[in-house]
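Undergrad: can't give you the sequence, but here's the structure:
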């Protein structure tokens with residue numbers, strides 16, 4: 001036993017704060033000991049959670065999410081580890097929550113969009129990329145023109161000694177849809193990059209038996225955009241249904 005004065009702390013249980021109270025014990029002339037549990041601060045900042053520590057009176061705050069405070073605003077957002085968050089109104093900004101050592105840190109990235117000019121787009125193809133950031137379209141590309149590909153011509157095991165510039169038509173042509181007030185329907189106009197002028201060329205091919213043969217091939221001299229038929233999804237089915245209905249009415 002040991003003597004303590006009123007108000008002095010008395011060591012008792014590890015998670016309680018005990019002191020000698022001014023009250024007298026009813027069964028003895030001694031003062032009673034008043035014990036109160038040690039208060040624990042369970043309030044944690046945004047992005048953290050209170051965790052109990054086995055063997056200790058109080059737990060601690062453990063970071064479970066990344067915290068992003070947007071610049072020039074009071075907006076605070078939490079991000080789970082391994083996830084990416086895009087702020088509303090800023091589709092080109094990305095925040096990813098990654099773990100570095102024992103800390104969760106938000107990593108900011110900004111998407112840089114490629115050059116975009118509506119004048120370079122095929123009309124009607126302008127849209128926004130799936131990420132919601134950049135504007136994209138199907139480029140008009142190069143105009144319809146003659147392209148050449150150097151290659152060896154081969155016919156029945158006979159082969160040209162030198163490379164031959166094989167020609168083709170390549171490039172973009174106009175395709176568009178408009179509403180016709182006369183037809184009262186959507187009209188489709190399509191054009192295809194095709195040959196406009198060709199000529200015949202002759203070349204000598206060397207064969208495995210050491211003989212040569214003369215081979216004639218077609219050379220494309222000019223290309224251009226020529227009208228072609230537009231394939232409309234569901235058109236064949238609609239036309240077929242309409243024709244079938246017309247046939248049934250004529251049989252009645």
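TA: Arrived safely, thanks for sending. Every value quoted in this text rests on a predicted model; they were computed, and no experiment measured them.
Undergrad: Going by C-alpha atoms from here, please, whenever you check contacts or count neighbours.
TA: Fine.
Undergrad: Beta-bridge partners for residue 136, please?
TA: Note on residue 136: beta-bridge partners by DSSP bridges are residue 127.
Undergrad: show me the contacts for it.
TA: 116, 126-129 (C-alpha atoms under 8 Å, 6 or more residues apart in numbering).
Undergrad: could you dump the residues you listed to TSV with pLDDT and neighbour count?
TA: TSV is the format used below for the contacts of residue 136 (pLDDT from 0 to 100; neighbours: other C-alpha atoms under 10 Å):
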residue	pLDDT	neighbour count
116	86	14
126	85	16
127	85	12
128	87	12
129	82	11
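Undergrad: okay if I get the residues you listed as TSV plus distance to residue 50?
TA: Below are the contacts of residue 136 laid out as TSV (distance: C-alpha to C-alpha, whole Å):
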residue	distance to residue 50
116	49
126	50
127	46
128	43
129	41
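Undergrad: Which single one of these is nearest to residue 94?
TA: residue 129 (15.1 Å; C-alpha to C-alpha).
Undergrad: Residue 114 is in contact with that closest one, correct?
TA: No: Residue 129 is beyond contact range of residue 114, at 11.4 Å (criterion: C-alpha atoms under 8 Å).
Undergrad: Measure how buried residue 189 is and give me the count.
TA: Applying other C-alpha atoms under 10 Å, we find 14 residues neighbouring residue 189.
Undergrad: so who does the closest residue to residue 93 other than its chain neighbours touch?
TA: Closest residue to residue 93 apart from its sequence neighbours, by C-alpha to C-alpha, 6 or more residues apart in numbering: residue 110 at 4.7 Å. Residue 110 sits next to 92-94 when contact means C-alpha under 8 Å, 6+ apart.
Undergrad: How much space separates residue 110 from residue 89?
TA: According to C-alpha to C-alpha, to the nearest Å, residue 110 and residue 89 sit 13 Å apart.
Undergrad: What of residue 134?
TA: 13 Å.
Undergrad: quick check, residue 119 in a helix?
TA: Yes: judged by DSSP: H, G, I helix; E, B strand; the rest coil, residue 119 forms part of a helix.
Undergrad: sorry, back to before: wait, which of the contacts of residue 136 is closest to residue 142?
TA: residue 116 (16.2 Å).
Undergrad: Would you mind giving the secondary structure of that closest one?
TA: Assignment for residue 116 (three-state DSSP): coil.
Undergrad: Just list the residues touching it, thanks.
TA: 135-136.
Undergrad: swap in residue 9?
TA: 17-20.
Undergrad: Mind doing that once more with 10 Å?
TA: 17-21, 33-35 (C-alpha atoms under 10 Å, 6 or more residues apart in numbering).
Undergrad: Residue 171 too?
TA: 140-147, 192-194, 223-225.
Undergrad: Could you tell me which of those residues count as buried?
TA: Burial by neighbour count, 16 or more other C-alpha atoms under 10 Å: within the contacts of residue 171 this picks out 140, 144-147, 192-194, 223-225.
Undergrad: For the stretch 51-200 of the chain, which residues score under the pLDDT cut-off?
TA: 138, 141, 174-184 (pLDDT under 70).
Undergrad: now the strands for it?
TA: Listed in chain order, the strands of the stretch 51-200 of the chain (DSSP state E, counting those that start in this stretch) span 60-63, 66-69, 76-79, 84-85, 93-100, 103-110, 127-128, 135-136, 145-151, 154-155, 158-160, 164-170, 175-180, 185-206.
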